[in-house]
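Student: after the sequence you'll find the predicted model.
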Amino acid sequence: MVVNWTALTVFVLFFGAVTILGFVASRWRKGDLSLLSEWGLAGGRFGTMVTWFLLGGDLYTAYTFIAVPALAFGAGAIAFFAVPYTILVYPFVFVVFPRLWSVSRRHRYITAADFVRGRFGNRSLALAVAVTGIVATMPYIALQLVGIEVVIAAMGVQAAGVVGELPLIIAFVILAAFTYTSGLRAPAAIAIVKDVMIYVTVVTAIVVVPMQLGGFGRIFAAVPPAKLILPHPGPGTFGSYSAFATLAFGSALALFLYPHAVTGVLSAASRRAIRRNSALLPAYSIVLALIALLGFMALAAGVAKAPESAPLFKQYGANFAVPALILQAFPNWFAGFAFAAIGIGALVPAAIMSIAAANLFTRNIYRAYFRPDCSPAQEAQMAKWVSLVVKFGALLFIILLPQQYAIQLQLLGGVWIVQTLPAVILGLYTRWLEPKALLLGWLAGIASGTWMAAVLDFKSSTYPLTVGGFTMPGYAAFYSVLVNLAVAIVLTIVFRGVGAADNEDETAVADYR
Amino acid sequence: MADSSEGRPAGRRRASWSLWLLLILVPLTMWVPLYNRVEPTLAGFPFFYWFQLLSIVIGAVLTALAYFMTKND
């Protein structure tokens, strides 16, 4: 494939512009960047609009733009579980997260593990929450690189060996540098540019491509009938119905437990900003549904049949469907713009994720276990270094190991992160659950969820649970968090029954309002 | 949502009622047989797809309603 110079020039121009923006952002709503709450949470001063862009930029990652349509392209209707997933997630945030915001503001918590330590007075439980967050986030950062990698390849920039990885390395050095200097302000500023670019790209695609292909009727007609809707379950099973529903429900529960989502919520200036956002974020759900439809448009446009795309489809599989569609449907300059939108779409979440992981490590591992007496400046400096380590870890991961590992680990990450739900979410409402019981429940959830994924060879997260001859395929995160909850509840009753319950709690009922 | 509304003024009680209303979204999206069909199509979209797009709008309206009802919260 020859280098597409027009597209590449546009791409580099936009990439360069947001890099400058990333560095300048350190002066935005200026604060003392040698404090962790300023570097890692931007002082908690973001209003409704910035929070909206930040959360949107945070949650809809480059991998989303590539992988969701790729799933629609390859597997059809099941990919649309992403729609009920986003329908459920914002009401959930609306109801639950103002409580986390209030209690965190009152007690100066900057991570979910901070809250768990304060609420339950148990360092091990807080450590479990922190480690789960970091481990679940790492492969997620690595996957952002897959997004950049695919669009760079689509512009014809390919070489063997280390030279071939050069564009990726450059992109990541840029990312690491502006995150280090500007903290959360950088991705927040860039998120605004990124979202506008994504909206322009998606709206253009949704208008132009159906016109080229002869309307939505034609597009849906190109989808094989067996994949157009979910297959009806046979006897003795819920089939794809329970898989679809639990994938949506489990993903909705997991999403806001991810450290980068918590960071986004806690950087908001008020409870009202969170609530207003939850009411406004469904605008992104519409965009996500349209993005998923791009997979069907790629099918209808017959992108897989174009001979020049064949080697890239061989290398990236269905992940090349959207880039191929963009190349086929648009002039080169607009393709460059769209690819820049996806590439920048990788930078924003990767930056926030590395900041969130750094906050967790510094607050809940370094300060909690190694340097309880460290000064605020030392704490912030440590977090800046950790954000670098986390990103280069992700970079090495993607360069040295097969891409499949990152995908499988990200899949496991969703199963793991949801295990913090009883402590973090139920903990916002009740102190009845006993910390030792929560810790053992967490362990049971991690073990059962990992076991389910292992049984499936880490290829899928849909576990065929069979009870009395009836099969209910469902998302492993959903089943394993039920195991977790059952263990936590039963053991709480036991611990309370034998008088071994721990009741320490530094928060008060009024702190949550 | 687990907040008890006992002993609160009427405005508060109405506010928590609007939060419970959000629960409608769970069966609406989770009961797959409800919308796993092709017909009736709308502007070329099979029912499965336009129903989900409609559900996003319903979700947004209910959340906006809850927002205005809990304004004094």
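Tutor: Nice, I can see it.
Student: OK, contacts around residue 54?
Tutor: Reading this off chain A. A:46, A:187-188, A:191, A:264, A:267, A:352 (Cβ atoms under 8 Å, 6 or more residues apart in numbering or on different chains). For every residue, glycine as well, the C-beta is placed using N, CA and C.
Student: which helix or strand in chain B has the lowest average pLDDT?
Tutor: In chain B, no helix or strand scores lower on mean pLDDT, DSSP states H and E than helix B:10-21, which sits at a mean of 71.
Student: which residues touch residue A:459?
Tutor: Taking Cβ under 8 Å, 6+ apart, one finds residue A:408 in contact with residue A:459.
Student: report the distance from the lengthiest helix in chain B to the chain centre.
Tutor: Longest helix in chain B, counting residues (DSSP state H): helix B:47-69. Centroid displacement of helix B:47-69 relative to its chain, using Cα atoms, centre = their mean, to the nearest Å, is 6 Å.
Student: same check on stretch A:289-299?
Tutor: The answer for stretch A:289-299 is 20 Å, by Cα atoms, centre = their mean.
Student: for it, which outside residues touch it?
Tutor: For stretch A:289-299, contacts defined as Cβ under 8 Å, 6+ apart pick out A:64-65, A:68-74, A:79-80, A:82-83, A:202, A:205-206, A:209-210, A:213, A:219-220, A:222-223, A:304, A:318, A:321-322, A:324-325, A:329, B:49, B:52-53, B:56.
Student: how many neighbours does the residue in the stretch 351-500 of chain A that chain B sits nearest to have?
Tutor: Of the residues in the stretch 351-500 of chain A, the one nearest chain B is residue A:429, at a distance of 4.5 Å by Cβ to the nearest Cβ. By other Cβ atoms under 10 Å in any protein chain shown, 14 other residues sit near residue A:429.
Student: which parts of chain B sit against chain A?
Tutor: Counting by Cβ under 8 Å from any Cβ of the partner chain, the positions of chain B adjacent to chain A are B:1-2, B:19, B:22, B:25-26, B:29-33, B:36-38, B:41, B:43-46, B:48-49, B:52-53, B:55-57, B:59-60, B:62-64, B:66-67, B:70, B:73.
Student: narrow those to those that are buried.
Tutor: B:19, B:22, B:25-26, B:29-30, B:32, B:36, B:41, B:44-46, B:48-49, B:52-53, B:55-56, B:59-60, B:62-64, B:66-67, B:70, B:73 (16 or more other Cβ atoms under 10 Å in any protein chain shown).
Student: low-confidence regions, the chain specifically.
Tutor: I went with chain A, as the question did not name one. A:1, A:159-163 (pLDDT under 70).
Student: sorry, should have said chain B
Tutor: Low-confidence regions of chain B, defined by pLDDT under 70, span residues B:1-15, B:72-73.
Student: please repeat the previous calculation with a cut-off of 80.
Tutor: Scanning chain B with the threshold set as pLDDT under 80 gives B:1-16, B:18, B:71-73.
Student: narrow the contacts of stretch A:289-299 to those that are buried.
Tutor: Looks like the contacts of stretch A:289-299 have A:64-65, A:68-74, A:79-80, A:82-83, A:202, A:205-206, A:209-210, A:213, A:219-220, A:223, A:318, A:321-322, A:324-325, A:329, B:49, B:52-53, B:56 buried, using 16+ other Cβ under 10 Å.
Student: still on that earlier bit, which SSE is immediately downstream of the least confident helix or strand of chain B?
Tutor: helix B:25-30 (DSSP states H and E).
Student: ok, residues contacting that next one?
Tutor: A:84, A:87-88, A:91, A:245, A:248-249, B:34, B:52, B:55, B:58-59, B:62.
Student: distance to residue A:371 for those residues - can I get that in TSV?
Tutor: Putting those into TSV (distance: Cβ to Cβ, whole Å) gives the following:
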residue	distance to residue A:371
A:84	45
A:87	44
A:88	41
A:91	41
A:245	46
A:248	42
A:249	41
B:34	55
B:52	50
B:55	49
B:58	51
B:59	45
B:62	47
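Student: would you check which pair of those lies furthest apart?
Tutor: A:245 and B:62 (19.3 Å; Cβ to Cβ).
Student: given the one helix or strand residue A:466 maps to, what are its sheet partners and their directions?
Tutor: Per DSSP H and E: residue A:466 is located in strand A:462-467. Strand A:462-467 has the following strand partners under DSSP bridges: strand A:470-475 (antiparallel).
Student: contact partners of the partner strand?
Tutor: A:236-240, A:242-243, A:246-247, A:249-251, A:461-466.
Student: so residue A:431 sits in a helix?
Tutor: No: Residue A:431: not assigned to a helix; according to DSSP: H, G, I helix; E, B strand; the rest coil it is coil.
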